[in-house]
Structure formats: structure tokens, C-alpha cells
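Colleague: pasting the structure only:
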């Protein structure tokens with residue numbers, strides 16, 4: 001990651017737009033996980049193993065058709081940190097979905113990422129920039145995360 005401005009998060013990627021994310025539920029926290037910024041997805045989707053690790057309380061949501069076939073989604077809320085401890089955005093009590101599938105990456109869909117940021121893709125430079133519209137960039141790990 002490079003810091004272009006105080007009001008942006010910029011990431012370098014090779015083939016796919018990847019963003020570092022950490023999830024927290026109650027007292028359990030994941031390590032930083034590279035997550036796919038998914039402009040074709042409606043919401044944030046975690047694979048089942050991460051939900052199991054965090055011991056998420058899941059509620060049935062819906063069945064969805066995906067490129068890999070139909071899957072069942074579950075819904076819950078947790079805290080999510082985009083970025084790293086020295087340059088990050090915190091989402092408290094963020095609604096996410098969990099897929100029964102284990103073979104998918106974390107998908108960061110349009111809600112809330114695309115709603116809350118101006119997003120710039122520079123494919124030739126292998127660069128992705130998130131410029132928050134409604135969120136604050138923290139220069140250190142927030143105390144409540």
C-alpha cells in the first residue's frame with residue numbers, strides 16, 4: 001500500500017482488485033485477509049470457514065445463483081476494518097452474508113463499499129484507490145477494534 005493523500009487508501013494488485021480486511025466478532029478477530037473488491041456483488045460475503053472461526057451467530061437469509069451454482073446465504077453483523085492498522089476504515093456492526101461454500105474468497109460487494117467510497121481502478125498501474133465519502137480514515141488502529 002502507498003499513501004497518496006490523507007483521504008485515500010491505495011492498494012497495488014496483480015490480476016484482481018484486492019483489499020486487506022480484518023473481521024471481528026465479539027472477542028475473536030481474523031488476521032488481515034486479502035479480499036476481492038467485487039463490483040458484480042451486492043454485499044459482503046464470507047466463506048463458511050471464516051464464519052466458523054469467528055463463531056458467528058448466523059440467521060438464514062436466502063438462496064442465490066452464482067457463477068458456481070446456487071448457494072445458501074446466512075446473515076449476521078460484525079465489525080470490519082478495511083486497510084491496515086496505520087491507515088484504515090472501521091465499519092462497526094456491519095451486515096454481512098456467509099456462504100455455505102468453502103471455495104470462495106471474501107467478496108466485498110457494492111453495499112457498503114461502493115456506496116461509501118469513490119473507487120478508482122488504474123489497471124495499467126495495477127492500482128486501486130478508495131476515497132471515502134462517508135467514512136473516516138484512521139491513522140492508527142481504532143481503540144474499539
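Modeller: Cool, the structure landed. On a predicted model such as this, the values are computed, not experimentally measured, just so you know.
Colleague: centroid-nearest residue for this structure?
Modeller: residue 108 (4.4 Å; Cα atoms, centre = their mean).
Colleague: that one contacts residue 34, doesn't it?
Modeller: No - taking Cβ atoms under 8 Å as the contact criterion, residue 108 and residue 34 are not neighbours in contact, 10.7 Å apart. For the C-beta atoms, the positions are set from N, CA and C on the backbone; glycine is no exception.
Colleague: which neighbours do these two have in common?
Modeller: Where contact means Cβ atoms under 8 Å, 6 or more residues apart in numbering, the residues bridging residue 108 and residue 34 through contact with each are 19, 21.
Colleague: by contact count, what packs against the longest strand along the chain?
Modeller: Looking across the chain with DSSP state E, the single longest strand is strand 69-84. Helices and strands in packing contact with strand 69-84 are listed as strand 18-25, helix 48-54, strand 59-66, strand 87-99; criterion 3 or more Cβ pairs under 8 Å, 6 or more residues apart in numbering; DSSP states H and E.
Colleague: adding mean neighbour count, distance to residue 114 and mean pLDDT, write the ones you listed out as CSV.
Modeller: As requested, the helices and strands packed on strand 69-84 are arranged in CSV below (neighbours: other Cβ atoms under 10 Å; distance: least, Cβ to Cβ, whole Å; pLDDT from 0 to 100):
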stretch, mean neighbour count, distance to residue 114, mean pLDDT
strand 18-25, 20, 12, 98
helix 48-54, 16, 22, 96
strand 59-66, 11, 18, 83
strand 87-99, 19, 14, 96
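Colleague: secondary structure class for the residue of the chain positioned farthest from its centre?
Modeller: In the chain, counting by Cα atoms, centre = their mean, residue 124 sits farthest out from the average C-alpha position, at 23.5 Å. When the structure is split into helix, strand and coil by DSSP: H, G, I helix; E, B strand; the rest coil, residue 124 lands in helix.
Colleague: out of the helices and strands packed on strand 69-84, which comes closest to residue 79?
Modeller: Between residue 79 and the helices and strands packed on strand 69-84, the shortest separation by Cβ to Cβ is 4.3 Å, and it involves strand 18-25.
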